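**Q** Fold the stuff below for me.
(one chain, ligands or ions: 1)
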Amino acid sequence: MSTPGILYIVATPIGNLEDLTFRAVRILKEVDLIAAEDTRHTRKLLTYLGISKPLTSYFDHNKTLKGEYILERLRNGLSVALVTDAGTPCISDPGYQLVRSAVSERIAVVPIPGACAAIAALSASGLPTDSFVFLGFLPNRPGKRRECISAFQGEKRLIVLYEAPGRLMATLGDIRELLGERTVVVARELTKMHEEFARGAVSEVIDAFTGRQVKGEVVILVSPGSDELQVETVRVESLLEKYLLDGTLSLKDAVRFVVAETGLQRSEVYAAALRIKESQSG
Ligand code: SAM
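**A** The predicted model follows:
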């Protein structure tokens, strides 16, 4: 039996082709086979680099069949590089099952690190990066998305999200309503010609994008709620509960009173009131 080959997990650029490492180029030149999310896309990169190698596809819908094909080659001693369209494979991209299978067969898996949109966005965000939680893409369905955001109401770490440009505004709106007036950073078109960072309170960032057709790729970073904000949230909730449990005030009036008492934004208080109402009825 031959010694198994090595599976290399190779990060490729997220826009700017100069972000490919020397090591990545060498590995792409040396391997026997390159497994790519989209072979046409990767062929362009290889042509730019002057590399000619056998390519095979590996993406979400063929991962079981192709995973076996790739593993068979690894078992026979061939080395394989896995790449995706942009950034680091396995990070909101295909690759996890292949790596898991390789690990379970004791085939060596070697990361070739490089660009990753989440890390690039974090590094230039100006937000505290000591601890963060990466959510990748939220579910497609609006109800599920909101549920997912709500689950992070008490989250003390910075939240990192990938988002489609067409849904940016809706997601920022949900963040404002469900998490409150947090500081957010939207990192758009990282490493590309139209790279942009929109920073500020979520309402300011919503204003900045209002009336624009948002194009390209975006990462959303949501700063942790401050302790002060959390204390405020607890105060708002207990005031609201008092008014709502009383039963004599409508939701709208209860919100009006609490806004007047706390000086907080109406949208924030309203979102808290809806949560309380829902928990009371459910
Ligand atoms: N594996 C990739 C990585 O390491 O970042 C992520 C792939 S995921 C399918 C694509 C998402 O990553 C995009 O929808 C966007 O949220 C984010 N992304 C990728 N490239 C980006 C860029 N140049 N600028 C901003 N966001 C980017």
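**Q** what's across from A201 in the sheet?
**A** The partner list for A201 in beta bridges (DSSP bridges) reads T183.
**Q** Give me the neighbour count for it.
**A** Using other Cβ atoms under 10 Å, A201 is surrounded by 16 other residues. C-beta here means a position set from N, CA and C on the backbone, and glycine is covered the same way.
**Q** now the strands: where do they sit in the stretch 101-250 of the chain?
**A** 109-112, 132-137, 158-163, 183-188, 196-201, 218-222 (DSSP state E, counting those that start in this stretch).
**Q** Select, out of the ones you listed, the one closest to S123.
**A** strand 183-188 (9.7 Å; Cβ to Cβ).
**Q** who's in contact with the helix or strand where A272 lies?
**A** Per DSSP states H and E, A272 falls inside helix 266-281. Contact with helix 266-281 is made by 150, 176-178, 180-181, 233, 236-237, 240-241, 244, 251, 254-255, 258-259, 262, as judged by Cβ atoms under 8 Å, 6 or more residues apart in numbering.
**Q** likewise stretch 120-139?
**A** Contacts of stretch 120-139 (Cβ under 8 Å, 6+ apart): 14, 91-92, 118, 144-145, 148-149, 152, 155, 157-164, 171, 183, 185, 187, 190-191, 197, 199, 219, 221, 223-224.
**Q** Quick check: buried residues in that stretch?
**A** Of all the residues in stretch 120-139, those buried under the rule 16 or more other Cβ atoms under 10 Å are A120, A121, L122, S125, L127, F132, F134, L135, L138.
**Q** Over to stretch 192-206?
**A** A198, R199, A201, V202, V205, I206.
**Q** show me the contacts for the residue of the chain at minimum distance from the ligand.
**A** Going by Cβ to the nearest ligand atom, the ligand is nearest to G87 of the chain, at 2.5 Å. Going by Cβ under 8 Å, 6+ apart, G87 touches A11, T12, P13, I14, D93, G114, A115, C116, A117.
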